[in-house]
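Give me coordinates for this.
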Amino acid sequence: MALTPQQLGAALDEAAREKGMSGTIRIDVRGEVVFAEAYGLADRAHGIRNDTDTRFAVASLSKGFTALAVMSLIDDGVLTLDTPVRPVLGADLPLVDDGVTVEHLLSHTSGIGDYLDEEAEWEVDDYVMTLPVHTLTDVEAFVPMLDGFAQKTPPGETFQYNNGGFMLLALVAQRASGIPFHDLVQTRVFDPAGLERTAYLRTDELPGDTALGYLAEDPASLRTNILHLPIRGSGDGGAFTTASDISTFWRAFTEGRIVDAATRDLMTAPRNVAEDEDLRYGLGFYLDEDGPGVILMGYDAGVSAWTRHDPESGLGVTILSNTSEGAWGVLRRYIDVFEEGDEAS
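Purely as a prediction, here's the structure:
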């Protein structure tokens, strides 16, 4: 990269201000803050500004947490990568193929039908929940929403990003361990990583340090995403966190404090190509198309989040926004910086 981390911070700050981003950006190197800034409003109606310690919803960025909870159960012998999910499901979700395993779900190669088809025509602010959102408080409550979708491809044949697959992982993890999914992630991921301000919060009782998610980029619009998302998340999303906690998470993950180094390396070994993102994919984590970076991202109504950690240089970059599109203009600048650096080198 042609720019120093400090220069990168200045470039992303410029992009955030140009585009009127609502959210926060953090850049650090091995945990030492290089740049941290917040923008826009956490609560538009009351004029409360975001700050660098604001908690944001991170949508599918949470899939990394789900994957780590599942892998910790594998390390303990409760599950294996080869565990078929059919026996765990019993009579539920009969259209899930007998050959689908935990590994298929973790790697998005299960081929199961998805309640939120990534290939279908839909907009991020569509109402995609097929059950009343106030009923979706536990992973068991999501089972009817996952039912009735035929297998699309044979297990293991095709990489296709699948939200329902990670909901299914949460269900399997809860049933196999006998521990409620949210408690499982808390004790297996958040606690050992030292994430003190990360949790699966209920969206109808958010603490005062949490940003509301807004559907429109226009700061005059007060409409939030409260009716678009489950009241409490499942395996495919729903965690709330801070940019600082994400930095702590990356260090804990890299240092083997959540799962051991061998399991970490297994999860970050490239298995498939995510062509739509120009990235590779391991088990729960995106990987640079050509490089050492490990990436998590989330996109939903009123939520956009992206974070990358380079285990070689220790550089971490996190962009969190409480609007659907807010993070992506800044991310575009980040990508441009790296492309310019490649051309110059």
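
Residue 81 versus the closest residue to residue 116 other than its chain neighbours, what's the distance?
Of all residues not flanking residue 116 in the chain, residue 163 sits nearest, at 4.8 Å (CB to CB, 6 or more residues apart in numbering). All C-beta spots, glycine's among them, are computed from the backbone N, C-alpha and C. Computed as CB to CB, to the nearest Å, the residue 163 to residue 81 distance reads 20 Å.

Between the two, which is the more surrounded one?
For the pair residue 163 and residue 81, the greater number of neighbours falls to residue 163 (23 against 16), based on other CB atoms under 10 Å.

How confident was the prediction at the more buried one?
Model confidence at residue 163, given as pLDDT, is 96.

My guess is it contacts residue 236. True?
Yes: shown here, residue 163 and residue 236 form a contact pair, counting by CB atoms under 8 Å, at 4.2 Å.

any shared contact partners between these two?
residue 60 (CB atoms under 8 Å, 6 or more residues apart in numbering).

contacting residues for the residue nearest to residue 116?
Counting by CB under 8 Å, 6+ apart, residue 163 has contacts 60, 114-116, 118, 236-237.

For these, give me a markdown table that also has neighbour count, distance to residue 263 and secondary structure.
Shown next, in a markdown table, are the contacts of residue 163 (neighbours: other CB atoms under 10 Å; distance: CB to CB, whole Å; DSSP: H, G, I helix; E, B strand; the rest coil):
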| residue | neighbour count | distance to residue 263 | secondary structure |
| --- | --- | --- | --- |
| 60 | 22 | 21 | helix |
| 114 | 24 | 27 | coil |
| 115 | 21 | 29 | coil |
| 116 | 18 | 28 | coil |
| 118 | 12 | 27 | coil |
| 236 | 26 | 21 | coil |
| 237 | 26 | 23 | strand |
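
out of those, who's nearest residue 69?
Taking CB to CB as the measure, residue 69 lies nearest residue 236 of those, at 13.0 Å.

List the contacts of that closest one.
60, 62-63, 66, 163-167, 170.

just curious, which of those is nearest to residue 127?
residue 163 (15.3 Å).

Now do the closest one against residue 66, distance only.
For residue 163 relative to residue 66 (CB to CB), the value is 11 Å.

Then residue 47?
35 Å.

between these two, which one's more packed in?
residue 66 (29 against 8).

Grab the nearest non-local neighbour of that one.
Nearest one to residue 66, counting by CB to CB, 6+ apart, is residue 235 at 4.3 Å.

How about residue 124?
Excluding the flanking residues, the one nearest residue 124 by CB to CB, 6+ apart is residue 324, at 4.8 Å.

which ones are touching that neighbour?
124-125, 215, 217, 299-304.

Let me know the pLDDT of the nearest residue to residue 157 once chain neighbours are set aside.
Spatial nearest neighbour of residue 157, chain neighbours left out: residue 111 (6.2 Å); criterion: CB to CB, 6+ apart. What the model reports as pLDDT for residue 111 is 97.

Then residue 61?
Predicted confidence (pLDDT) for residue 61: 98.
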